[in-house]
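Peer 1: attaching a predicted model along with its sequence, questions to come.
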Amino acid sequence: MNKVCVIGGSRYFGRRVVERLRDAGKAVAVINRGSSPAPEGVTHLVADRDDEDGLRDALGDRTFDVVIDQVCYTPHQAAVARRVFAGRTRRYVMTSTIEVYSSLDSAPVREDAIDLAAQPVRMDLLWHDSEYLEEHYGEGKRQAEAVLAREPLFDFVSVRTGHVLGGADFTGRLDHYVTRMRDGLPVVVHPEPRPSSFVNDREIADFLVWAAESGFTGPVNACSHGPLDVTQVCDALSAAGAGQALYTTGHDASPFSFDRAYGMDNGRATGLGFAFSHTADWLPRVISEVLACV
């Protein structure tokens, strides 16, 4: 693997992916809309991935060994990528999410809990509406996976990431808890919050690079060992000096409070050779970095 294209990848853990590939001597091209600069030493291509003609123009005659797609959220985007990158790459790695399992209530969930071949694809839904997309995030990812997996034009991998935690708290979810705990405000949780799977920003970057360099195909779960529920996250914050968590129940539950169990089984990735850490190994580091910034 020498030539890599990363769609998105200029922010958060995607930037770590780009930097790891660059530092390993790969020829890396980053595609985004130009709102964020690419890391130094990589090719920056400016295009809106929803604009099929514009994406083709930006790519020109470039070909790649691997494409890592960090920002594929809808079946429309997947269909555009499928058409544009057919014949340009031999391998396509899509960053997906644990939220594809959010309608289930069983744990630990294996990859075969979702049959992509039977997954309905609805191009007629309101995927271009930002509010609709946010409310149907997991469904959009499921359908995007299905589009790219059916009659594949390249080797396809969907990396279903656990909830990503990092010092750069790009979702603002840990900040939510820190603010409420410091201000003495109650944290809203479900009556019986259930655990889910997590991964840290460094580990998921390592995993995506590993997946790009590997030869397997299909969906793969990526998460650290040791699922967490919302109270365990708050306990770790409290131990680091964020204050004491006060809990109340309600329908508008806080991030990481789940009323169903859909923690992931990472056995496939482990069997393929990736060594995951345990959440206890890195959660104190992440929390310390978050508290330093809040």
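Peer 2: Yep, it's here.

Peer 1: what about the residue located most distally from the centre of the chain, distance to Val230?
Peer 2: Relative to the C-alpha centroid of the chain, counting by C-alpha atoms, centre = their mean, Gly184 is the outermost residue, at 31.5 Å. Relative to Val230, Gly184 is positioned 18 Å away (C-beta to C-beta, to the nearest Å). (Each C-beta comes from the backbone N, C-alpha and C, glycine too.)

Peer 1: in contact with Val100, which residues are there?
Peer 2: By C-beta atoms under 8 Å, 6 or more residues apart in numbering, Val100 lies in contact with Ile114, Gly138, Lys141, Arg142, Glu145, Arg160.

Peer 1: now name the helix or strand holding the fifth one.
Peer 2: So that's Glu145. Assignment of secondary structure by DSSP states H and E places Glu145 within helix 137-149.

Peer 1: quick check, distance from that helix to the centre of its chain.
Peer 2: 13 Å (C-alpha atoms, centre = their mean, to the nearest Å).

Peer 1: now the contacts of Val100 in CSV, with neighbour count, distance to His278 and pLDDT?
Peer 2: Compiled in CSV, those are given as follows (neighbours: other C-beta atoms under 10 Å; distance: C-beta to C-beta, whole Å; pLDDT from 0 to 100):
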residue, neighbour count, distance to His278, pLDDT
Ile114, 20, 26, 95
Gly138, 17, 26, 96
Lys141, 25, 26, 98
Arg142, 24, 28, 97
Glu145, 27, 28, 98
Arg160, 26, 19, 98
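
Peer 1: buried ones in stretch 22-32?
Peer 2: Taking 16 or more other C-beta atoms under 10 Å as the neighbour-count basis, stretch 22-32 is seen to contain the buried residues Arg22, Lys26, Val28, Ala29, Val30, Ile31, Asn32.

Peer 1: element containing the spatially closest residue to Ala24 that is not a sequence neighbour, please.
Peer 2: The shortest distance from Ala24 to any residue other than its chain neighbours is 7.8 Å, reached at Val209 (C-beta to C-beta, 6 or more residues apart in numbering). In this structure, Val209 is located in helix 201-213 according to DSSP H and E.
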